[in-house]
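A.B. asks: let's see this in three dimensions:
(2 chains)
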Amino acid sequence: EDKVVQSPLSLVVHEGDTVTLNCSYEVTNFRSLLWYKQEKKAPTFLFMLTSSGIEKKSGRLSSILDKKELFSILNITATQTGDSAIYLCAVEDFGNEKLTFGTGTRLTIIP
Amino acid sequence: EAQVTQNPRYLITVTGKKLTVTCSQNMNHEYMSWYRQDPGLGLRQIYYSMNVEVTDKGDVPEGYKVSRKEKRNFPLILESPSPNQTSLYFCASSFLGRDGQYFGPGTRLTVT
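C.D. replies: Here you go, the predicted structure:
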């Protein structure tokens, strides 16, 4: 059974800090790992990672995948209050595109 | 505007009364999926569909049915809802093998 574990469960930091969110996974046939941001509504897509060691970057957010150690990290630099959200990690199973989500990391940015 | 729509957005119903939550997307996506989100359990996949007339069970399919008669629509049917199906439901869609899924706005269902 596919499994995704995210840590920490919750994180509170001050505006301007840098944070690192972790995601470890077990999946039978790995296709991709995805990161989503969920505020008080539907999750919105951030990154899709398929290859080890290649960083994906979007503004202050970046993410990297390690397929040997089966984990990914999501970094957010110079955090802002608008970054407060639940960050979800998911893995996709090859062939059926089945997605398994972790329970998320709740990030709170204090002004 | 590219979007996934769900209806209704909020629903309170009673045990055993059949209901349908509709999902529609206007992006010509092949893949559609239903999730439920519960505190402490995260998003769990109920059913998914890789194309018209092709559906498969996710992790928590018990008590739910789906159909995919048209590419744009993927309704979720609860034949006999029970209180343990009280949850926040999301529909999502994507092109096969491409970046991320687009999520609908969610349907908050309460079964009493």
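
A.B. asks: going by C-alpha atoms from here, please, whenever you check contacts or count neighbours.
C.D. replies: OK.

A.B. asks: which residue does chain A have closest to chain B?
C.D. replies: Nearest residue of chain A to chain B: residue A:103, at 4.1 Å (Cα to the nearest Cα).

A.B. asks: if I've got this straight, that residue is in a helix?
C.D. replies: No: assigned with DSSP: H, G, I helix; E, B strand; the rest coil, residue A:103 falls outside any helix and is coil.

A.B. asks: that one touches residue A:3, doesn't it?
C.D. replies: No: Residue A:103 is beyond contact range of residue A:3, at 10.4 Å (criterion: Cα atoms under 8 Å).

A.B. asks: between the two, who's got more neighbours?
C.D. replies: residue A:103 (24 against 14; other Cα atoms under 10 Å in any protein chain shown).

A.B. asks: who are the contact partners of the residue of chain A closest to chain B?
C.D. replies: A:5, A:6, A:9, A:88, B:40, B:41, B:42, B:43 (Cα atoms under 8 Å, 6 or more residues apart in numbering or on different chains).

A.B. asks: and with 10 Å instead?
C.D. replies: Counting by Cα atoms under 10 Å, 6 or more residues apart in numbering or on different chains, residue A:103 touches A:4-7, A:9, A:86-90, B:37-44.

A.B. asks: can I get the buried part of those residues as one PyMOL selection?
C.D. replies: Selecting only the buried entries of those in PyMOL, with 16 or more other Cα atoms under 10 Å in any protein chain shown as the criterion:
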select buried, (chain A and resi 4+5+6+7+9+86+87+88+89+90) or (chain B and resi 37+42+43+44)
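
A.B. asks: thought residue A:63 was touching residue A:72?
C.D. replies: Yes: here residue A:63 reaches residue A:72: they are 7.1 Å apart, a contact under Cα atoms under 10 Å.

A.B. asks: return every residue with contacts to both of the two.
C.D. replies: Common neighbours of residue A:63 and residue A:72 (Cα under 10 Å, 6+ apart) are A:21, A:22, A:34, A:35, A:49, A:53.

A.B. asks: which neighbours do residue A:103 and residue A:3 have in common?
C.D. replies: Among the neighbours of residue A:103, those also in contact with residue A:3 (Cα under 10 Å, 6+ apart) are residue A:90.

A.B. asks: thanks a lot, see you next time.
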